[in-house]
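K.L.:
model this:
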Amino acid sequence: MIYVFKTSVNTESKLESATTILNELLPDAMWNFDLEDWDNILRIDSEADIVEMILNNPVFDCIELE
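P.N.:
Got it, this is the predicted structure:
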């Protein structure tokens, strides 16, 4: 399933921090950020239900988009 989130990741340093936490939380998922998008979109391809993990992460703010 593809999950899409609007995030607060808008700089390279925030991206580095987000990369660390996402690799820890989602070792088997594929994900990417689109920092050129107005909403700094995070897309995650995962078989697991990851929404709560992502919304409650300690590194960046995000909102799930539908």
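K.L.:
When you work out contacts or count neighbours from here on, use the C-alpha atoms and nothing else.
P.N.:
Fine.
K.L.:
Nearest residue to the one residue sitting closest to the centre of the chain in space, please, no chain neighbours.
P.N.:
Residue closest to the mean C-alpha point of the chain, counted by C-alpha atoms, centre = their mean, is L42 at 4.4 Å. Leaving aside its chain neighbours, L42 sits nearest to F33 (4.4 Å; criterion: C-alpha to C-alpha, 6 or more residues apart in numbering).
K.L.:
how many other residues sit next to that neighbour?
P.N.:
20 (other C-alpha atoms under 10 Å).
K.L.:
Then E47?
P.N.:
When neighbours are counted by other C-alpha under 10 Å, E47 registers 10.
K.L.:
excluding its backbone neighbours, what's nearest it?
P.N.:
Once flanking residues are discounted, E47 sits nearest to M1: 5.8 Å by C-alpha to C-alpha, 6+ apart.
K.L.:
Please, where are all the helices along the protein?
P.N.:
Counting by DSSP state H, one finds helices in the chain at the ranges 12-25, 51-55.
K.L.:
so can I have CSV of those showing distance to W38, mean neighbour count and mean pLDDT?
P.N.:
As requested, those are exported to CSV (distance: least, C-alpha to C-alpha, whole Å; neighbours: other C-alpha atoms under 10 Å; pLDDT from 0 to 100):
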stretch, distance to W38, mean neighbour count, mean pLDDT
helix 12-25, 15, 14, 96
helix 51-55, 19, 14, 95
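K.L.:
Right, I'll call it a day here.
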